[in-house]
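A.B. asks: Give me coordinates for this.
(2 chains)
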Amino acid sequence: MPDWKKQVRGRMAGLNLPRELKDEIIAELAAHLEDSELMHGADHLSQQVPDWRVLCNDIARAQSREVPMNIRTSTVWIPALATLLGASLCLALLQLVGIRPRMWWTGDMALTFYWPWLASLPWFGALGARLSHRRGATTRRTIASALAPALAMLITLCVILPVGLLIDGYSSIRLAHFAFALANWVGVPGLALLCGALPYLRASQRGSVNKLSP
Amino acid sequence: MKRRIRSKIARGSGELAILALLAEQPHYGFEIARQIGERTGGALQFTLASLYPLLYEMEKRGWVEGRWQPNQAGRDRRYYSLTAAGRRQLAPLRKEWRSFFQALDALTGVSHA
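C.D. replies: Numbers count the residues shown, from 1 in each chain, chains lettered A, B, ... in the order given. The predicted structure follows:
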């Protein structure tokens, strides 16, 4: 018979509750797994908890005496806002101190590489992903939180393009400018942000397939 | 939206099932899950991950209370029993679900299907 208390304790390390209460919860869940193994055998166990991080969050929320914060707010909006604010302030600061972007011209259009800013983006992507991951967010929400600055720009550009076409009429040059703007402000920054989020996405996938070993 | 409605229905039915079961006699978590699964022919099934957050939430609301005591095999288990508040909650919940099913039946004729 495995030491269920030890296994549950290891998986619930992130459960942030008073020690006495946490010990009691661990003992109760371990007892449940013990009974489950006795009755159904080891095959049944992996179905009991698909994702331990989600369970930790659900228990913490159920035990919390405060009004629980809306899940979407804590897993997406706050992390996304942190990423967006961090990336925007960093860009503003770099412009303030006079650091110029490197331009790569093709005809009269240019790809803009703001290298110091691009180098900082993986950190902001990691910040958003970490805040989201810590609250037990799904992989999709973690990605959305990390990519917030790129997504905000994508939405802005998608609003600007039809308005521009409506006002000035259709032209292939305008579409080409739009494509370059997409690459400059969505594609390249998005990739940099995603690089920072990768460790948390891997951890998130590991967490969701974290099987019990009887 | 569809998922939210489904999860609210599952949560509400889970609360009613637990309250109704504990109204008969106290049970510990594993027994609650086993009894509900058996009595509903597997239609309602609780896993560890779905049962305990709900039990703790109900305990926080004061509907149930848990107490450690040995089971028949002599192992310590946390037995949940219904409190007076939980007992008071059961009747309106039953009524609410009965109305819900009657309304659904009137609309879709599910009970005649």
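
A.B. asks: The chain: strands as residue ranges?
C.D. replies: Going with chain A. Under the criterion DSSP state E, chain A contains strands at A:102-106, A:109-113.

A.B. asks: wrong one, I was asking about chain B
C.D. replies: Using DSSP E, strands in chain B cover B:27-28, B:64-70, B:76-82.

A.B. asks: follow-up on the earlier one: quickly compare the strands of chain A and say which is most buried.
C.D. replies: The highest mean neighbour count among these, using mean count of other Cβ atoms under 10 Å in any protein chain shown, belongs to strand A:109-113: a mean of 15. Heads up, the C-betas are built off the backbone N, CA and C, glycines and all.

A.B. asks: can you count the residues close to A:Asp35?
C.D. replies: 21 (other Cβ atoms under 10 Å in any protein chain shown).

A.B. asks: scratch that, A:Ala181
C.D. replies: Other residues lying near A:Ala181 total 18 when counted by other Cβ under 10 Å.

A.B. asks: distance of it from A:Pro189?
C.D. replies: 12 Å (Cβ to Cβ, to the nearest Å).

A.B. asks: re the thing from before, adding mean pLDDT and distance to chain B, write the strands of chain A out as a markdown table.
C.D. replies: Shown next, in a markdown table, are those (pLDDT from 0 to 100; distance: least, Cβ to the nearest Cβ, whole Å):
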| stretch | mean pLDDT | distance to chain B |
| --- | --- | --- |
| strand A:102-106 | 81 | 45 |
| strand A:109-113 | 79 | 40 |
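
A.B. asks: circling back to that earlier point, how about JSON lines for the strands of chain B, with mean pLDDT and distance to chain A added?
C.D. replies: Shown next, in JSON lines, are the strands of chain B (pLDDT from 0 to 100; distance: least, Cβ to the nearest Cβ, whole Å):
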{"stretch": "strand B:27-28", "mean pLDDT": "96", "distance to chain A": "8"}
{"stretch": "strand B:64-70", "mean pLDDT": "91", "distance to chain A": "8"}
{"stretch": "strand B:76-82", "mean pLDDT": "94", "distance to chain A": "5"}
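
A.B. asks: Against A:Thr138, how distant is A:Arg72?
C.D. replies: From A:Arg72 over to A:Thr138 (counting by Cβ to Cβ), the distance is 11 Å.

A.B. asks: How about A:Ala119?
C.D. replies: 29 Å.

A.B. asks: more crowded one of those two?
C.D. replies: Taking other Cβ under 10 Å, A:Ala119 and A:Thr138 do not tie; A:Thr138 has more neighbours (16 against 11).

A.B. asks: Quick check: closest non-adjacent residue to the residue most central in space within chain A.
C.D. replies: Residue closest to the average C-alpha location in chain A (Cα atoms, centre = their mean): A:Thr142, at 2.0 Å. Leaving out its chain neighbours, the residue that sits closest to A:Thr142 by Cβ to Cβ, 6 or more residues apart in numbering or on different chains is A:Ser132, at 4.6 Å.

A.B. asks: Spit out the contact partners of that neighbour.
C.D. replies: Contact analysis of A:Ser132 by Cβ atoms under 8 Å, 6 or more residues apart in numbering or on different chains lists A:Thr75, A:Val76, A:Pro79, A:Ala80, A:Arg141, A:Thr142, A:Ala144, A:Ser145, A:Ala146, A:Tyr200.

A.B. asks: Also A:Leu89?
C.D. replies: By Cβ under 8 Å, 6+ apart, the contact set of A:Leu89 is empty.

A.B. asks: who touches stretch A:76-86?
C.D. replies: With Cβ under 8 Å, 6+ apart, stretch A:76-86 has contacts from A:123-125, A:127-132, A:135, A:137, A:141, A:144-149, A:151-152, A:193.

A.B. asks: Narrow these to those that are buried.
C.D. replies: A:123-125, A:127-132, A:135, A:137, A:141, A:144-149, A:151-152, A:193 (16 or more other Cβ atoms under 10 Å in any protein chain shown).

A.B. asks: quick one, phi/psi of B:Gly109?
C.D. replies: phi 70, psi 30 (degrees, to the nearest 10).

A.B. asks: measure it to A:Thr106 for me?
C.D. replies: 66 Å.

A.B. asks: ok, now B:Ala85?
C.D. replies: In terms of Cβ to Cβ, B:Ala85 sits 72 Å off from A:Thr106.

A.B. asks: With A:Gly41 instead?
C.D. replies: Distance from A:Gly41 to A:Thr106, by Cβ to Cβ: 64 Å.

A.B. asks: In helices only, show me the contacts of A:Ser132.
C.D. replies: Cross-referencing the contacts of A:Ser132 against helices under DSSP state H gives A:Pro79, A:Ala80, A:Arg141, A:Thr142, A:Ala144, A:Ser145, A:Ala146, A:Tyr200.

A.B. asks: Thanks a lot, catch you later.
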